[in-house]
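Colleague: From the sequence below, what's the structure:
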Amino acid sequence: MNLQDSRRISILLGVLFGLTGLGSASAAIVIPVLADDLGVSVGVGTWTITLYALLLAVATPIYGRVADLVGVRLPLMVGIGLMVGGATLSALAPSFGVLLAARVLQGAGAAAVPTLGVAVLSSRYDGPVRGLALGRLAGAAACLSCLGPLAGGLVEAQFGWRAVMALPVLGLLIVPFIWTALHRDGTGARLDILGAALVAGTSAGLVLLIQSPSTGVAVAVVGVVLLLLGVPAVTMQVRRHPEGFLPITVITNPAVVRSAMAAAAIPAAWFGLLIAAPAVMIHHGWEPWQVGLLLAPSAVIALFVPRVAAPWLERFGGVVALAASGVLAAMAMVMAAVGAAQESPVLLGLAVLLVTMSFGVGQPSLMSVVGDAVLVDVRGIALGIATLLFMTGGSVGSAVVGGFGEAFSMGWALMMLAVLPLAGLVVLVPMLGRARLAQPD
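Modeller: Residues are numbered from 1 along each chain as shown. Down below sits the predicted model:
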């Protein structure tokens, strides 16, 4: 495939990926408004982001595994349909409970896009062209996500928060232009449904436990129970079915596990800031559209990051680039914590710029490392598991800010998130050593 084809397909898939981010970024900006309209606190209102991010995380490996079995086209179309249906229902929701259910549906559908978009590029291109394509996808996605707060603020000012929830419906416009790039080749094997359900439940338990400070003991108990039951159940299922939903060759692959664990800190920082920045500045008297305008410059950064990410991937490799993105995320969270404490729009805006750079480098680096570390017949599920951990970081980020931010302060919650990328660097240390030895003199 030529370079022009890779540019067109990667940008279109990036826009579709960006609309899944827009589903969070635009909604985050109107949480104080919708919470007030539906009679809940801002802390409870953050569940609209947390549940969306959670389903975005836990459903990604399911789509990845289904794509291995039947090809990309069918699961991607199902996912887009669920995303559009959930966005429509969110816009029409008569109560907060219905809104949460709609956001769950929307997140479950949007989960198809990150994994399958990467799978299309990984199977369609190779070598430097693949690196460029992954970088463009991440850049376009990050750019659109960064414009989400501004789009949400402007749409809310003119049409109300319900119109904001409907924005992901625009994803339908992309489908005709990517149809021919979606392959339909699969292994024909069956999906391990029990394994998929166990993984989803265990991941949900982690996020519920973290979110519990803002929602009470009952949620914490549910989270603990899901974790205590889920971890041994998943372990037993993998032993019984080593080629099932979580192939043992994938989950025991150090490159997949370590890189995904380290990369999870990046969306944690991004989603955390999506909640914190609007909450801090709206409390300070800003309108949602003003907050969106503050965050809009990060969209420009997102467009230029792929030009840096692709050469870094080619020159230093995915592991080193992933470590660099972790350093940027840690710096951003420290800056954001200070900005939240001082209610400084300048520091919060700069923090978002740094996180945008981190995301634009880290996401394609993760996909490059994972794609190179596994065989092609399990690439879909490997990318899905990596995206599961990656996007679970996003739900953890929003849960930490929504839970601890309300119980303590936004500054302390953001400082807690600064620890995650530093822990990720520790996880990457063995891989960094091997990457250094592999570098030519």
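Colleague: any idea what sits nearest Val346, other than its immediate chain neighbours?
Modeller: Spatial nearest neighbour of Val346, chain neighbours left out: Gly339 (7.4 Å); criterion: C-beta to C-beta, 6 or more residues apart in numbering. All C-beta atoms are positioned from the backbone trio N, CA, C, and that covers glycine.
Colleague: Am I right that the one you found is in contact with Leu353?
Modeller: No - using C-beta atoms under 8 Å, Gly339 makes no contact with Leu353, being 11.9 Å away.
Colleague: In terms of neighbours, single out the busier of those two.
Modeller: Gly339 (26 against 19; other C-beta atoms under 10 Å).
Colleague: Would you quantify the distance from the more buried one to Ala330?
Modeller: Applying C-beta to C-beta, to the nearest Å, the value for Gly339 to Ala330 is 15 Å.
Colleague: what's the answer for Gly285, then?
Modeller: 30 Å.
Colleague: And those two? Which one has more around it.
Modeller: Ala330 (23 against 8).
Colleague: gap between that one and Leu425?
Modeller: Applying C-beta to C-beta, the value for Ala330 to Leu425 is 8 Å.
Colleague: ok, now Arg258?
Modeller: Taking C-beta to C-beta, one finds Arg258 at 11 Å from Leu425.
Colleague: the more surrounded of the two?
Modeller: Between Arg258 and Leu425, counted using other C-beta under 10 Å, the more crowded position is Arg258 (20 against 17).
Colleague: Okay, buried residues for the strand or helix carrying that one please.
Modeller: Using DSSP states H and E, Arg258 sits in helix 254-263. Buried residues in helix 254-263, counted by 16 or more other C-beta atoms under 10 Å: Ala255, Val256, Val257, Arg258, Ser259, Ala260, Met261, Ala262, Ala263.
Colleague: Likewise for stretch 233-251?
Modeller: In terms of neighbour count (16+ other C-beta under 10 Å), stretch 233-251 has its buried residues at Ala233, Val234, Gln237, Val238, Gly244, Phe245, Leu246, Pro247, Thr249, Val250.
Colleague: and it, how far apart are its ends?
Modeller: Its start and end residues considered, stretch 233-251 measures 15 Å (C-alpha to C-alpha, to the nearest Å).
Colleague: ditto for stretch 242-262
Modeller: 25 Å.
Colleague: Same question for stretch 336-355.
Modeller: Per C-alpha to C-alpha, the first residue of stretch 336-355 is 10 Å away from its last.
Colleague: can you list contacts of that stretch?
Modeller: By C-beta atoms under 8 Å, 6 or more residues apart in numbering, the surrounding residues in contact with stretch 336-355 are 146, 266, 269-270, 272-273, 276-277, 280-281, 283-284, 286, 294-295, 297-298, 301, 328-329, 331-333, 335, 409-412, 414-415, 418.
Colleague: For PyMOL, write the select line for the buried members of those.
Modeller: Applied in PyMOL, the following selects the buried portion of those according to 16+ other C-beta under 10 Å:
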select buried, resi 146+266+269+270+272+273+276+277+280+281+286+294+295+297+298+301+328+329+331+332+333+335+410+411+414+415+418
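Colleague: For the stretch 251-400 of the chain, which segments are assigned as helices?
Modeller: For the stretch 251-400 of the chain, applying DSSP state H, counting those that start in this stretch gives helices covering 254-263, 265-283, 288-295, 297-316, 318-342, 345-373, 379-407.
Colleague: Could you look up the next helix or strand downstream of the last one?
Modeller: Following helix 379-407 in sequence order, the next helix or strand is helix 410-438 (DSSP H and E).
Colleague: angle of that next one against helix 254-263?
Modeller: Counting by axes from the mean of the first three to the mean of the last three C-alpha atoms, to 10 degrees, helix 410-438 lies at 150 degrees to helix 254-263.
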